[in-house]
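Asker: Here's my sequence, what's the structure:
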Amino acid sequence: MEKQTVLITGANKGIGFECARQLLNAGYHVFLGSRDEQRGAKAVEQLKQEGLTNVELVLLSVTDEESVQKAYEQILASAGSLDVLINNAGIPGGFPQQASNTPDSTFREVFEVNLFGVARVVRILMPLLSKSSNPRIVNVTSDLGSLTLHNDPTWEHYQAKTSVYGPSKSALNAYTVALAHELNGKVKVNMINPGYTNTEFNNNQGPKSVEDGAKPIVEYAMIGPDGPTGKYMSDYGQSPW
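Answerer: Okay, the predicted model is just below:
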């Protein structure tokens, strides 16, 4: 069987980097997406020093159409197809985020990465995914995108209201549902919440290790042809919408 291929956006650090490590250990060929060449090259070198050599740097800024197109061309030339796309790149947008006074520019900046960037990467890379016998897309989301949880005063993160970041993930979830419905199982599309993980993203405040945060993402990246689609999942199971 040919080696499975995966592109991970925003993979030079944090959960994306750990996903790359775990999938390399599982025998995948990893295209490590990074918008910064120096940081991306450092990440690739670190993995290779660990003996994980089936990794290739892809310079990729999800907000730049030309950059994504070049990534498509690189993967096409290198592998000819793509089995898995993990849309991991995301930004929080700075805090605090008060709904009454967050500027338009913050909304545009965050949605450009967290929603439009995902849609852009999917649109441009879909021809590569269509060449796989079992294509999968994993969109990395957050439980801060759950409107149900945000309306539950007993939820442990009930006070963690954000005017931009959470809504960007709610919108990503809605987009993912539409995408999964359109593709109708021909491409498995799921949204995965890694949980409150200890990364630079949250100033290393999360109690969860990156290894544990990456696990549900990797699990859904590796599902078989009979796997689920259109699901909003966390390590505890189905996430409430």
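
Asker: Checking my notes, Ile137 in a strand, right?
Answerer: Yes - with the criterion set as DSSP: H, G, I helix; E, B strand; the rest coil, the secondary structure at Ile137 is a strand.

Asker: Tell me the confidence at it?
Answerer: Model confidence at Ile137, given as pLDDT, is 98.

Asker: you'd agree it is up against Asn190?
Answerer: Yes - Ile137 lies in contact with Asn190 (CB atoms under 8 Å); the separation is 7.5 Å. The C-beta positions use only the backbone N, C-alpha and C, and glycine is treated the same way.

Asker: can you count the residues close to Leu59?
Answerer: In terms of burial, Leu59 registers 16 neighbours under the definition other CB atoms under 10 Å.

Asker: So if I had to pick from Ile137 and Asn190, which one is more boxed in?
Answerer: Taking other CB under 10 Å, Ile137 and Asn190 do not tie; Ile137 has more neighbours (27 against 24).

Asker: Spit out the contact partners of the more buried one.
Answerer: Val84, Leu85, Ile86, Asn87, Val122, Leu129, Leu179, Val187, Lys188, Val189, Asn190 (CB atoms under 8 Å, 6 or more residues apart in numbering).

Asker: any idea how far it is from Asn54?
Answerer: As judged by CB to CB, to the nearest Å, Ile137 and Asn54 stand 21 Å apart.

Asker: What distance do you get for Leu125 to Asn114?
Answerer: The spacing between Leu125 and Asn114, counted by CB to CB, is 17 Å.

Asker: Also Thr176?
Answerer: Relative to Asn114, and taking CB to CB, Thr176 is found at 12 Å.

Asker: now do Gln238
Answerer: In this structure, Gln238 and Asn114 are separated by 22 Å, where distance is defined by CB to CB.

Asker: Mind checking which of the two has more residues around it?
Answerer: In terms of neighbours (other CB under 10 Å), Asn114 is the more surrounded of Gln238 and Asn114; the figures are 28 against 10.

Asker: The helix of greatest length in the chain packs against which elements?
Answerer: The residue-count maximum for a helix in the chain (DSSP state H) belongs to helix 165-183. Using 3 or more CB pairs under 8 Å, 6 or more residues apart in numbering; DSSP states H and E as the contact definition, the elements that helix 165-183 packs against are helix 104-111, helix 117-129, strand 136-140, strand 188-192.

Asker: need the contact list for the residue nearest the centre of the chain.
Answerer: The residue lying closest to the centre of the chain (CA atoms, centre = their mean) is Asn88, at 2.1 Å. The neighbours of Asn88, taking CB under 8 Å, 6+ apart as the test, are Ile8, Thr9, Gly10, Ala11, Ile15, Gly16, Cys19, Val140, Ile217.
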